[in-house]
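J.: Sequence first, predicted coordinates after that:
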Amino acid sequence: MEKFEELKSYIKKLESVAVAFSGGVDSTFLAFAAKEALGDKAIAITIDSPYIPRWEIKESIELAKQIGIKHIVIQSNIHDTILNNPAERCYLCKKIVFSTIIDKAKTMGVNVVVDGTNFDDLDDYRPGLRALTELEVVSPLMECEWTKEMIRQVSKRAKLETHDKPAYACLLTRIPYDTTIEVEELERIERAEVYMMTLGFRAVRVRSHGDIARIEVAKEKRKLLFNEDLLDKISSELKSYGYKYVAIEASGYSMGSLNKQIGK
């Protein structure tokens, strides 16, 4: 808790903040800490775009209510610069999203935007971090050296529902680079992933390669797929969404697996 007090002290010095709020483990914990540190001088802002699953938007609204932080949801379309899913998509997208959040925060008299980048993220391939640096977005969890495990532990003590939530990412990460983004395709991917979640696979990705759905489940959950009836159900359901072929990634879920396409 001494570490938590240090984090609150850091946030207090910012005087007022707008938390870029996705409803994930990190941003939820940061929103909780910001509310504890600043009270009504902390707000949360969520971007609602076609590449964000509907269930995540709904969940972020509920989480903000539970924390008691003022929450703004901004509707946004897919920007032309990322419509073809370029290799620099994450950087370009972060630049657009956080510029929008910064503008909204300023209209509300808040000059500091904070995000949930944590200390572990420095070891990962995160092209979006460059955009955050350029826009002078502050990352309190990174600055105060909070690791993912620490965040989960204290989130559990604070009774935050996200303490054991698997990592998620926007739906654009399910589509190969240099592929034109279609809203219908994003909706199909979301339907497929939600279906897999109903089967008990919380950490799941459905990578979409045209007519092929490539399913990745957590490595320790792969053995649950070794069931002919279950495989038939999954194949039938996903094909009803428009896929012609349904494949299982033998190596299991791997964060950013499509980054191998660009050598990352």
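T.: Good, I have the coordinates. Numbers count the residues shown, from 1 in each chain.

J.: List the backbone torsions phi and psi for the residue nearest in space to the middle of the chain.
T.: In the chain, the residue lying closest to the centroid (Cα atoms, centre = their mean) is residue 169, at 3.9 Å. Dihedral pair for residue 169: phi -150, psi 170, per degrees, to the nearest 10.

J.: Give me the distance between it and residue 93.
T.: Per Cβ to Cβ, to the nearest Å, residue 169 is found 11 Å from residue 93. Any C-beta I mention is one placed from the backbone N, CA and C, and that applies to glycine too.

J.: got it, and residue 205?
T.: In terms of Cβ to Cβ, residue 205 sits 18 Å off from residue 93.

J.: More neighbours: those two, which one.
T.: residue 205 (28 against 24; other Cβ atoms under 10 Å).

J.: State whether that one is indeed within a strand.
T.: Yes - checked against DSSP: H, G, I helix; E, B strand; the rest coil, residue 205 lies within a strand.

J.: Report the beta-bridge partners for it.
T.: residue 216 (DSSP bridges).

J.: tell me the contacts of it?
T.: 173, 174, 193, 215, 216, 253, 257 (Cβ atoms under 8 Å, 6 or more residues apart in numbering).

J.: Spatially nearest residue to the third one, not counting backbone neighbours?
T.: I take that to be residue 193. Distance criterion Cβ to Cβ, 6 or more residues apart in numbering; nearest residue to residue 193, sequence neighbours excluded, is residue 206 at 5.1 Å.

J.: For that neighbour, give me its contacts.
T.: Residue 206 neighbours (Cβ under 8 Å, 6+ apart): 174, 189, 192, 193, 196, 213, 214, 215, 216, 238.

J.: I figured the first one hits residue 188, correct?
T.: No - proximity of residue 174 to residue 188 does not meet the contact threshold set by Cβ atoms under 8 Å, at 9.9 Å.

J.: now for the longest helix along the chain, which elements pack on it?
T.: Identified as the longest helix of the chain according to DSSP state H is helix 89-107. Packing partners of helix 89-107 (3 or more Cβ pairs under 8 Å, 6 or more residues apart in numbering; DSSP states H and E): strand 17-20, strand 42-48, strand 70-75, strand 113-114, helix 128-134.

J.: can you pull the buried residues of the lowest-mean-pLDDT helix or strand in the chain?
T.: Counting by mean pLDDT, DSSP states H and E, the chain has its least confident helix or strand at helix 128-134, which shows a mean of 88. By neighbour count on 16 or more other Cβ atoms under 10 Å, the buried set for helix 128-134 is 128, 129, 131, 132.
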